[in-house]
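Chemist: no sequence on this one, just coordinates:
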């Protein structure tokens with residue numbers, strides 16, 4: 001059995017659905033948790049990435065109204081909003097790549113252990129929109145995202161929660177910071193209009 005197939009069996013046992021080496025599970029509300037076992041294009045090695053996809057944010061960002069749609073059939077990590085490589089989540093705090101065909105048992109045990117103790121808890125930390133907003137309030141930037149894009153995601157979630165004034169305050173603060181840094185963010189104004197907010 002391929003190492004990735006062993007890891008796949010673990011992910012399926014805890015509720016993830018598989019399509020090739022992409023795995024999704026529905027979180028609370030309109031969030032999707034994603035895990036990807038990504039093979040290197042140049043070597044016989046792979047890495048693991050964990051991510052969260054917000055259906056609400058993508059509805060606004062892509063202009064796609066999906067009121068009765070609970071997300072695409074399969075979300076790939078590259079499409080997600082919050083994301084981290086498994087190596088950075090674990091004790092090594094660096095990007096890790098594992099061999100596909102060497103020490104199969106040892107590698108499978110190591111990767112499953114890292115997923116169990118670090119990857120899945122990372123996803124569980126963002127089990128609903130309120131948890132994403134709380135993390136942003138505490139840190140000012142969501143994992144794997146720029147500060148600007150983090151603000152857009154959180155503003156969307158706040159608007160959907162009926163907290164329009166808080167959303168406007170975040171977008172205004174982001175606009176001011178970008179202007180002060182000499183790096184204007186023109187898409188912010190367009191995005192704010194999509195949310196029904198004028199800045």
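Modeler: On my side now, so go ahead. Please read these numbers as outputs of a predicted model, since none were measured by experiment. Residues are numbered from 1 along each chain as shown.
Chemist: hey, where'd the helices end up in the protein?
Modeler: 3-13, 55-62, 86-89, 104-114, 120-125, 129-139, 147-160, 164-180, 186-194 (DSSP state H).
Chemist: now the fourth one, how far from the chain's geometric center?
Modeler: So the one you mean is helix 104-114. Helix 104-114 sits 23 Å away from the centroid of its parent chain (C-alpha atoms, centre = their mean, to the nearest Å).
Chemist: I'd like the helices of the chain as a markdown table, with mean neighbour count, mean pLDDT and distance to residue 77 appended.
Modeler: All C-beta spots, glycine's among them, are computed from the backbone N, C-alpha and C. Shown next, in a markdown table, are these (neighbours: other C-beta atoms under 10 Å; pLDDT from 0 to 100; distance: least, C-beta to C-beta, whole Å):
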| stretch | mean neighbour count | mean pLDDT | distance to residue 77 |
| --- | --- | --- | --- |
| helix 3-13 | 17 | 93 | 13 |
| helix 55-62 | 18 | 89 | 14 |
| helix 86-89 | 20 | 97 | 11 |
| helix 104-114 | 16 | 95 | 16 |
| helix 120-125 | 17 | 97 | 12 |
| helix 129-139 | 16 | 96 | 17 |
| helix 147-160 | 22 | 95 | 15 |
| helix 164-180 | 16 | 92 | 25 |
| helix 186-194 | 15 | 90 | 22 |
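Chemist: Which one, of those, ends up nearest to residue 46?
Modeler: Residue 46 lies closest to helix 3-13 among these, at 6.5 Å (C-beta to C-beta).
Chemist: Show residues contacting that closest one.
Modeler: With contact meaning C-beta atoms under 8 Å, 6 or more residues apart in numbering, helix 3-13 is reached by 18, 21, 23, 35, 37, 46, 48, 98, 100-101, 104, 107-108, 111-112, 115-116.
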